[in-house]
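I would like to see how this sequence folds:
(3 chains)
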Amino acid sequence: MNLTLRIWRQSGPDSAGRMTEYDVRDISPEMSFLEMLDTLNEELILRGEEPVAFDHDCREGICGACGMVINGEAHGPERTTTCQLHMRHFDDGDTIDIEPWRASAFPVVKDLVVDRTAFDRIIGSGGYITAPTGSAPEAHATPVPKPAADTAFEHAECIGCGACVAACPNGSAMLFTSAKVVHLNSLPQGAPERESRVLDMVGQMDDEGFGGCTNTGECATACPKGIPLFSITKMNREFVRAARKA
Amino acid sequence: MSTYSEYRTGEPVADTKAPDGPINERWDRRRFEAKLVNPANRRKHTVIVVGTGLAGGAAGATLAEQGYHVVQFCYQDSPRRAHSIAAQGGINAAKNYRNDGDSVHRLFYDTVKGGDFRARESNVHRLAQVSVEIIDQCVAQGVPFAREYGGLLDTRSFGGVQVSRTFYARGQTGQQLLLGAYQALSRQIAAGTVEMHPRTEMLDLIVVDGRARGIVARDLLTGRIDTYFADAVVLASGGYGNVFYLSTNAKNSNATAIWRAHRRGAYFANPCFTQIHPTCIPRSGDHQSKLTLMSESLRNDGRIWVPKAKGDTRPPAEIPEDERDYYLERIYPAFGNLVPRDIASRAAKNVCDEGRGVGPGGQGVYLDFADAIARMGRKAVEEKYGNLFDMYARITAEDPYTTPMRIYPAIHYTMGGLWVDYDLQTTVPGLFAIGEANFSDHGANRLGASALMQGLSDGYFVLPATINDYLARHPHDEVPDDHPAVIEAVTSVTDRLYRLLSNNGDRTPDSFHRELGELLWEECGMARTETGLRKALDRIPELREEFWRRIKVPGSGQDLNQSLEKANRIADYFELAELMCLDALHRSESCGGHFREESQTEGGEAERRDEEFSYAAAWEFTGTGEAPVLHKEQLDFEYVHPTQRSYA
Amino acid sequence: MAYRVPTVVPMAVDTRTDRRPSSYAGILWHSTVGKKTAMAVSGIVMLLYLVAHMLGNLKIFFGAAEFDGYAHWLRTIGEPFLHHEWFLWIARVVLLAAVVVHAVAAYQLSRRDIAARPQKYAHKKKRASYATRTMRWGGVILGLFIVWHILDLTTLTVNPHAAAGHPYANVVATFSTWYGNVIYIVAMLALGLHIRHGFWSAAQTLGANRPGRDRTLKAIANLLALVLTLGFIAVPVSVMTGVVS
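Numbering: from 1, shown residues only, chains lettered A, B, ... in the order given. Model (predicted):
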């Protein structure tokens, strides 16, 4: 099929960007969205133009590197990562708008590439369990009830892609932050740092310039891993509890 | 015939670090005999760690916890994205929680045997010992392993073994383990003990007075080339499977760090030992940019089959039971669908070569869950494999609950890598290689769920213990930044990038990568022949020459330039591919993942030739396109006596 | 390509523990999550008041004497323990505090939110529900309404009748003007939308929501919004139609 792409091109962090139109031909419906962009880039290189920069790595939906807003939706029309979106979800002759994640905490680096290091700093502020290597007790010393283990797992699935922030009208990182808080706070191993974790992570999140949550639910709708909106509810509960105890 | 293949055999190489004595006491003895660095002195030592996967992330965090100053690099935008994250199935550990007869010795035995007797016994035994501590460590970090209703850890069995020793977190074990390591690393980054450089790629190793003292790295956002100095350098940059272009590796995984180290004097061992994973999603066309793995754990419950008749194009549901060939169960009744990866892959290739393959181009076999669904119920299957089934459905638009999956082998893991001794030190003093970047533990074939075990074992427990010995023996001293070796390393990097940028040819980096990959897959893939390998050895230098003549890299070196990154990595692949083919040519036996058609049993199984080839081949670099020098490390088997592997 | 030897400076990321406010209120007010909590609590205080207010309004259907008597009784609640009108003033202070907390938090959070997403997407897509998207403007409308409402029926500054002690007549006077009806009805529709998202949102923010409770909470939110809107609008409609005169 043949498509018209309108892609955000921006040569560097400080330059102005704009939507630029490209035509791509003979796209197979079996291609992934990124393979479609590969095809465009190969053409651009041969024409002596700079290819479209975009982050991608594993291309199997788990590393969280890829991410672009496709027709106004983070990761496009399917609930998955951009790399796992296939062209069969588009029709011949479609015009597709491709933009980078938009949030002031995620400044654009180039074209569709944004800087998501704020997420790393949120994790660094408390998204861990302090367990220096060698200090661990025998794994079966603390059984974890299956429901708690399942809750932890469900929230640990977050891949840190940033779609939640991109989809949120407030550029809020609540879903990302809450996923880690709930993962670790659900486990007995996470209990000793339960309060400091949520207070510090929310504090860091605020310091990074993410917006607040207005419960629009856009984040959970965009999340390719299905982190539920209740994750945020749980973090709110943890936060108020921690503030009271502090 | 190219002169490259007229390699010379040099002095043998030997591991001098593993102590003698009973194998189960060696690791204790090594830890006791190794010198220690006074805790107060540790922060004076800087250690560079390249890569943030399971091995690198674990090592960086642990070294920082010990008090060292760690400077760490990854090319990704965040250390959390290293490709360890994509490992699905699980991690082995000899916990024997199932009381099914497992033990450290059995894990050791299985790994040596699974590796087709081409791994060093001391290393493998240590791996099995440490495996137990890994699970404890990960649970303490909050890794949400699968649990049973009683709250205890669940395990499952994996290819090549008969015990249930694989711990897992649904189909995302690698992700969960990596996040554990990443979180530990993040804690150190926040504490200021690890200086993290994301989006920074190592482009050369700095060797001063015979010791590894730093790296040259490029900031991928600004294009700036910087030098970083340290008392020791640890490479945890992963394997080189991407040399094949199509593989299950991440698109940007690359061999540049280890190849540059090889060029600077580190021996490269067993480059031809590459693993083909039997359960990948077949390619759908020429546009394919990478292959996706379906966890091997699927073989626990799925049954693999092809039609009995050639060219049978009926949909799978219309092929009656008696016209199906469950070939693995037929040929290997004891292990059935759970035979090791190399055997399962080759069997798939054989049936496809016979014309019985299914799907587009006949390059696929069925992996059928109908029986499992009938036996366990759809809900149980969903619980166990839900995310894998979803992934398959997303990619192929077919529903694996109702129609069998189609799978085909793909390049997945590389057992070869930088040669290291028991301390994981390469032949360049002060340069260590851990995880998939080294060659040490898997011999000629890696068992399922052992890569995660090895990465974490190296990173959390082995390297942090052994590197002390090296650092204790080499008190900190400064490297002058105008040292000729430093200037030379920087110049060689900048020259090369300049050459790529200024060439302005007419072919894209990907077009070369694809061509090289296809050549390697044909001639150095699942089955290798002398003729084919010689053909590849003739073709690769031509292709390399063409690359440097016709490559086109747009843009500049002053900002984010993904084409430049790619081209620079591909340039190294040409040299690596040549060494792989030479290694495959020189090893005229078959073993593990390396199958030479000339060396097979009457039944078509790989035939090892221990009297000639019971060694690890460590290659020394002598110059691009110039014959390398082979150093053999003789492998002695005191505990596990080599037998022809049999899974029948 | 320039090259330099980097000076190795450990990235000094201070642990947040040092900067964290020490009081409960401080922790809440200095974080987005805490500020939302303050909004949720103040919102619920106002919501409870509105329920009482709406029920009281309905007394208008029982005639001027009963309505005016009810209004007078409000001034005497708590006597003789409380002095005359003290309860009323306490309630006014609490409500004022709730309005101020709610509005200030909303203003600060909104500024933050807008700053966090300065650039819009070129490809527009319909997002979230109407009630969700109108929270900010709805809030502003309600704020302005409250000012008018107090000037109209409490201080009687802008009331056409303006007879102190005769609320029944004052109400009828207001709703006998076209603008009185328009302002009031628009504000009550805004109130309905505000409560519809706000009540559920408050439950989210306070961590009271659960997967099994979500539908119930949403139903309660809809019911509250509907009942309050209809209950309040009943008065002007009745005046307009002559049921109350």
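
ok, the closest residue to chain C within chain A - contacts?
Taking Cβ to the nearest Cβ as the measure, chain A has residue A:237 as its residue closest to chain C, at 2.6 Å. Using the backbone N, CA and C atoms, a C-beta is placed for each residue, glycine as well. By Cβ atoms under 8 Å, 6 or more residues apart in numbering or on different chains, the residues touching residue A:237 are C:206, C:207, C:208.

Looking at chain C, which residue is nearest chain A?
Closest point on chain C to chain A, by Cβ to the nearest Cβ, is residue C:207, at 2.6 Å.

Surely that residue and residue A:236 touch.
Yes - checked against Cβ atoms under 8 Å, the pair residue C:207 and residue A:236 is within contact range at 4.3 Å.

Show me which of the two is the more surrounded one.
residue A:236 (29 against 21; other Cβ atoms under 10 Å in any protein chain shown).

per-residue confidence averaged over the strand or helix carrying that one?
For residue A:236, the enclosing helix or strand under DSSP states H and E is helix A:230-245. Average pLDDT, helix A:230-245: 95.

wait, does the lengthiest helix in chain B make contact with chain A?
Secondary structure of chain B per DSSP state H: the longest helix is helix B:562-586. Yes - counting by Cβ under 8 Å from any Cβ of the partner chain, chain A is contacted by helix B:562-586 at B:562, B:563.

Quick one, grab the pLDDT at the residue of chain A positioned farthest from its centre.
What lies farthest from the middle of chain A is residue A:141; by Cα atoms, centre = their mean that is 34.6 Å. If you check residue A:141, the pLDDT there is 96.

what about the residue nearest to residue C:131 when sequence neighbours are not counted, how many neighbours?
Nearest residue to residue C:131, sequence neighbours excluded (Cβ to Cβ, 6 or more residues apart in numbering or on different chains): residue C:197, at 4.0 Å. Residues near residue C:197, counting by other Cβ under 10 Å, number 24.

Residue C:197 is in contact with residue C:139, isn't it?
No - look at residue C:197 against residue C:139 with Cβ under 8 Å: they stay out of range, at 10.8 Å.

which non-adjacent residue is nearest the closest residue to chain A within chain B?
Proximity of chain B to chain A (Cβ to the nearest Cβ) peaks at residue B:151, 3.1 Å away. Excluding the flanking residues, the one nearest residue B:151 by Cβ to Cβ, 6+ apart is residue A:143, at 3.1 Å.

What residues does the one you found make contact with?
Residue A:143 neighbours (Cβ under 8 Å, 6+ apart): B:147, B:150, B:151, B:152.

just to revisit the earlier point, the residue farthest from the centre of chain A and residue A:189: what is the separation?
With distances taken as Cβ to Cβ, to the nearest Å, residue A:141 is found 10 Å from residue A:189.

and what of residue B:339?
As defined by Cβ to Cβ, residue B:339 lies at a distance of 37 Å from residue A:189.

do residue B:40 as well
31 Å.

Pick out whichever of these two has more residues nearby.
residue A:189 (21 against 8).

Verify the stated contact: residue B:453 with residue B:89.
No - at 11.4 Å, residue B:453 does not count as touching residue B:89 under the criterion of Cβ under 8 Å.

Would you state the helices of chain A in chain order?
Using DSSP H, helices in chain A cover A:33-46, A:117-124, A:146-156, A:163-167, A:174-185, A:194-207, A:218-222, A:230-245.

CSV for the ones you listed, including distance to residue B:552?
Formatted as CSV, the helices of chain A follow (distance: least, Cβ to Cβ, whole Å):
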stretch, distance to residue B:552
helix A:33-46, 6
helix A:117-124, 32
helix A:146-156, 43
helix A:163-167, 33
helix A:174-185, 39
helix A:194-207, 44
helix A:218-222, 37
helix A:230-245, 47
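
List the buried residues for stretch A:222-241?
Going by neighbour count (16 or more other Cβ atoms under 10 Å in any protein chain shown), the buried part of stretch A:222-241 is A:222-225, A:227-240.

ok, now stretch B:395-404?
Using 16+ other Cβ under 10 Å as the test for burial, stretch B:395-404 gives B:395, B:396, B:400, B:403, B:404.

can you tell me which of the residues you listed are up against chain C?
Okay, of those, nothing touches chain C (Cβ under 8 Å from any Cβ).

Which of those residues fall in helices?
Per DSSP H, helices hold the following members of the buried residues of stretch B:395-404: B:395, B:396.

Looking at the buried residues of stretch B:395-404, which one is closest to chain C?
Nearest member of those to chain C, counting by Cβ to the nearest Cβ, is residue B:395, at 25.9 Å.

What segments of chain C are helices?
C:24-29, C:32-57, C:64-76, C:86-116, C:130-133, C:135-153, C:167-174, C:178-205, C:214-241.

weakest of these by average pLDDT?
For these, where the average pLDDT is lowest is helix C:130-133, sitting at a mean of 75.

That one - contacts with which helices or strands?
On a contact count with 3 or more Cβ pairs under 8 Å, 6 or more residues apart in numbering or on different chains; DSSP states H and E, helix C:130-133 meets helix C:178-205.

Now do the helix it packs on against helix C:32-57, angle only.
Interaxial angle, helix C:178-205 versus helix C:32-57 (axes from the mean of the first three to the mean of the last three Cα atoms, to 10 degrees): 130 degrees.

relative orientation of helix C:178-205 and helix C:167-174 in degrees?
110 degrees.

Can you list the buried residues in helix C:178-205?
C:180-181, C:183-185, C:187-205.

What of stretch A:77-96?
A:78, A:79, A:80, A:81, A:82, A:83, A:84, A:85, A:86, A:87, A:90, A:96.

That stretch: end-to-end distance?
Start and end residues of stretch A:77-96 are separated by 11 Å (Cα to Cα, to the nearest Å).

List the contacts of that stretch.
By Cβ under 8 Å, 6+ apart, stretch A:77-96 touches A:1-6, A:27-34, A:36, A:56, A:58-61, A:64, A:66-68, A:70-71, A:75-76, A:159, A:161, A:221-224, A:226, B:391, B:394-395, B:397.

Quick check on these: which are buried?
By neighbour count, with 16+ other Cβ under 10 Å, those hold A:1, A:3, A:5-6, A:27-28, A:30-34, A:36, A:56, A:58-61, A:64, A:66-68, A:70-71, A:75-76, A:159, A:161, A:221-224, B:391, B:394-395 as buried.

one step back: not counting its neighbours along the chain, what's nearest the residue of chain C closest to chain A?
residue A:237 (2.6 Å).

Just list the residues touching residue 112, thanks.
I'll assume chain A. A:7, A:8, A:52, A:53, A:54, A:55, A:68, A:98, A:99, A:100.

other chain: chain C
Per Cβ under 8 Å, 6+ apart, neighbours of residue C:112: A:170, A:211, A:212, C:32.

And the residue of chain A closest to chain C, how close does it get to residue A:182?
10 Å.

ditto for residue B:265
Here residue B:265 is placed at a distance of 49 Å from residue A:182 (Cβ to Cβ).

of those two, who's got more company?
Neighbours were counted for residue B:265 and for residue A:182 using other Cβ under 10 Å; residue A:182 has more, 28 against 17.
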